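Chemist: Give the three-dimensional model of this entry:
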Amino acid sequence: MIEGTETSGITGWAIHLMELMGAPGAGLAIALENLFPPLPSEVILPLAGFTAARGELDLLAVIVWTTLGSVAGALALYAVGALVGRDRTRALVERLPLVKVADFDRTEAWFARHGTKAVFFGRMIPIFRSLISIPAGVQRMSPPVFLAYTTLGSLIWNTVFVLAGYRLGEHWHRVEEYVGVYSKGVLAAVALLLVVFLAQRIASARRTRDRI
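Modeler: Predicted coordinates:
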């Protein structure tokens, strides 16, 4: 399908799906990417855009199908969160070391105020793109509202990456390099916040123990 392009690994898998199914194959790949985050959209989407630039796929169809795939994957994770539910999640939090039920309550209150923004912008942040659907399901966010913000956020993310691949042509793989820096920045920020949180909790536990 794409001469000179590496056909092993994730790239080869995505190429195979697009060869087999066309634009819906790109949509299926993105749906699976939502369910299995290690599958990178920053590879699949630009590759689909490059394929469209070669005339082998329709550009609009690629954007539509990949957005449908994103929404389908998000809805599946929303359903997982809804099945687990608030009570089970709260009970699980109670069993976690260094995590307090009050943390869950604060997070729940925050999500009640900012959930729509979290769902919308979360669709454009690596790692959180998939995970944000689960708390939305746990909190039983209105399905039409969840669907609307998920669709809009996914449409923006997918369009940017598909068009990047379309414009870059044979250099479509550069998108992955740039996004890799962004993803590492997000991971570093999350890791730093986690370390700060754990350090604060450990210090608090020691102070409590010393007072006893």
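Chemist: tell me the contacts of the residue nearest the centre of the chain?
Modeler: By Cα atoms, centre = their mean, the mean C-alpha position of the chain lies nearest to R129, the distance being 2.0 Å. By Cβ atoms under 8 Å, 6 or more residues apart in numbering, the contact set of R129 is 34, 37, 41, 122-123, 157. Where C-beta positions appear, they are placed from N, C-alpha and C, glycine not excepted.
Chemist: Could you do V179 as well?
Modeler: If you count contacts by Cβ under 8 Å, 6+ apart, V179 has them with 40, 42, 126.
Chemist: Check L187 too.
Modeler: If a contact means Cβ under 8 Å, 6+ apart, then L187 has 126-127 as its contacts.
Chemist: Tell me the confidence at it?
Modeler: Here, the pLDDT recorded for L187 equals 73.
Chemist: pLDDT averaged over stretch 69-81, what's the number?
Modeler: Averaging pLDDT residue by residue across stretch 69-81 gives 92.
Chemist: Send over that stretch as CSV, restricted to the C-alpha atoms.
Modeler: Below are the C-alpha coordinates for stretch 69-81, written out as CSV (Å, rounded to 0.1, in the frame of the first residue of the first chain):
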residue,chain,number,x,y,z
GLY,A,69,-13.6,5.1,16.2
SER,A,70,-12.6,7.5,18.9
VAL,A,71,-16.2,7.9,20.1
ALA,A,72,-16.8,4.1,20.0
GLY,A,73,-13.7,3.4,22.1
ALA,A,74,-14.6,6.2,24.6
LEU,A,75,-18.2,4.9,24.9
ALA,A,76,-16.9,1.4,25.7
LEU,A,77,-14.7,2.8,28.5
TYR,A,78,-17.6,5.0,29.7
ALA,A,79,-19.6,1.8,30.0
VAL,A,80,-16.8,0.2,32.1
GLY,A,81,-16.9,3.1,34.5
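Chemist: gap between Y166 and G49?
Modeler: Y166 is 4 Å from G49, where distance means Cβ to Cβ, to the nearest Å.
Chemist: In terms of neighbours, single out the busier of the two.
Modeler: A direct count of neighbours by other Cβ atoms under 10 Å for Y166 and G49 places G49 higher, at 30 against 20.
Chemist: Now do the more buried one, the pLDDT please.
Modeler: 90.
Chemist: Looking at the contacts of V179, which are in helices?
Modeler: Members of the contacts of V179 lying in helices (criterion: DSSP state H): E42.
Chemist: Of the contacts of V179, which is the most crowded?
Modeler: The most crowded member of the contacts of V179, judged by other Cβ under 10 Å, is E42 (22 neighbours).
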